[in-house]
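S.K.: Turn this into a structure:
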Amino acid sequence: MKLFSLVLSIIVFFISLYFFSDKVSEIYSLNDFIYVSLLGILMTICITGIIINWDILIKNKKNKLMLFVSNNFSKKTKRLQ
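M.R.: The predicted structure follows:
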């Protein structure tokens, strides 16, 4: 679910960045300003979602680390004769 949220945040960020860059030069009225402001807020929300869910990629790399633990119960003991 976190992977889906990360991918969706990245996709929506780039879509809103496209529309933001398309409309930012054509602000003629208050409605255009509100629209561009809402796109900016949406991009900020997407950046927050990316930051929150970014740890899923880091955790996948950490899970590949294998640790070998030795314990005293499985050691061979020498018999004294």
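S.K.: How about the residue positioned nearest the centre of the chain, nearest residue that isn't a chain neighbour?
M.R.: Nearest to the mean C-alpha position of the chain, counting by CA atoms, centre = their mean, stands Trp54 at 2.7 Å. In this structure, Trp54 finds its nearest non-sequential neighbour in Leu6, 7.1 Å apart by CB to CB, 6 or more residues apart in numbering. All C-beta spots, glycine's among them, are computed from the backbone N, C-alpha and C.
S.K.: what's the average pLDDT for the helix or strand harbouring Leu38?
M.R.: Following DSSP states H and E, one finds Leu38 within helix 30-53. Per-residue pLDDT values across helix 30-53 average out to 94.
S.K.: which parts of that helix are buried?
M.R.: Using 16 or more other CB atoms under 10 Å as the test for burial, helix 30-53 gives 35-36, 39, 42-43, 46, 49-50, 53.
S.K.: okay, that helix in CSV with CA atoms only?
M.R.: The C-alpha coordinates for helix 30-53 follow below in CSV (Å, rounded to 0.1, in the frame of the first residue of the first chain):
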residue,chain,number,x,y,z
LEU,A,30,-8.4,35.9,-9.8
ASN,A,31,-9.8,32.5,-11.0
ASP,A,32,-6.5,31.8,-12.8
PHE,A,33,-4.5,32.8,-9.7
ILE,A,34,-6.7,30.5,-7.5
TYR,A,35,-6.2,27.6,-10.0
VAL,A,36,-2.4,28.0,-10.0
SER,A,37,-2.4,28.3,-6.2
LEU,A,38,-4.3,25.1,-5.9
LEU,A,39,-1.9,23.3,-8.2
GLY,A,40,1.0,24.6,-6.0
ILE,A,41,-0.8,23.2,-2.9
LEU,A,42,-1.3,19.9,-4.7
MET,A,43,2.4,19.7,-5.6
THR,A,44,3.3,20.5,-1.9
ILE,A,45,1.0,17.6,-0.8
CYS,A,46,2.6,15.3,-3.3
ILE,A,47,6.1,16.2,-2.1
THR,A,48,5.0,15.5,1.5
GLY,A,49,3.6,12.1,0.4
ILE,A,50,6.9,11.3,-1.3
ILE,A,51,8.9,12.2,1.7
ILE,A,52,6.7,10.1,4.0
ASN,A,53,6.7,7.1,1.8
